[in-house]
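In: dropping a prediction and its sequence here:
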Amino acid sequence: MTKRAKQSAGLLMFRRNGDALEVFLVHPGGPYWSKKNEGAWTLPKGEYEDAEEALAAAQREFGEETGFTALGPFLELGSVRQKSGKVVIAWAFEGDCDPAQLVSNTCEVEWPPRSGKHIVIPEVDRGAWFSLVDAAVVIREEQRPLLLGLQEQIRLRLK
């Protein structure tokens, strides 16, 4: 029996700033990520099981990681495979939030690795709005196609 790749679902919130689009990304919490910036940010997302609908999981994870509510309509952005093998399926929605109001759930991790010691960290330590150009620099490399998917969805909606 082959082991199935982990699957994750997420939401990319966007807003219009004049003629430009901005996207809301989050930065992972914990000591591993604390000094990383470029290529570290991500859309709010999380793993889900086959029994859960992916979009419902994405909405749940968005709320857990940000404290904000995601309201549709949702635009399908497709999926990407991360270097770990995890498949991330994503949707976008138009919304707004104040990053200073972000409240993330916590999780327990072993730190330092293989030490047997565990610490509790926020899953997300902060969020921010980025232009699409800036987002392409700070988002995980494997997730960049999701930004292009958003641009394509917006272009199609304007036709």
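Out: The structure has been received and is ready for your questions.

In: alpha carbons only for contacts and neighbour counts from here, please
Out: Will do.

In: so for the longest strand seen in the chain, mean pLDDT?
Out: Selection of the longest strand in the chain by residue count, based on DSSP state E, yields strand 7-17. Across strand 7-17, the average pLDDT comes to 96.

In: that strand packs against which elements?
Out: Under the contact criterion of 3 or more C-alpha pairs under 8 Å, 6 or more residues apart in numbering; DSSP states H and E, strand 7-17 touches strand 20-28, strand 45-47, helix 54-66, strand 87-94.

In: wait, which of the ones you listed is closest to residue 72?
Out: Minimum separation from residue 72 across these (C-alpha to C-alpha) falls at strand 87-94, 5.9 Å.

In: for the closest one, name the packing helices and strands.
Out: strand 7-17, helix 54-66, strand 75-81.

In: okay, those in TSV with mean neighbour count and distance to residue 32 next?
Out: Supplementary listing: these in TSV, determined by neighbours: other C-alpha atoms under 10 Å; distance: least, C-alpha to C-alpha, whole Å:
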stretch	mean neighbour count	distance to residue 32
strand 7-17	21	20
helix 54-66	21	18
strand 75-81	18	21
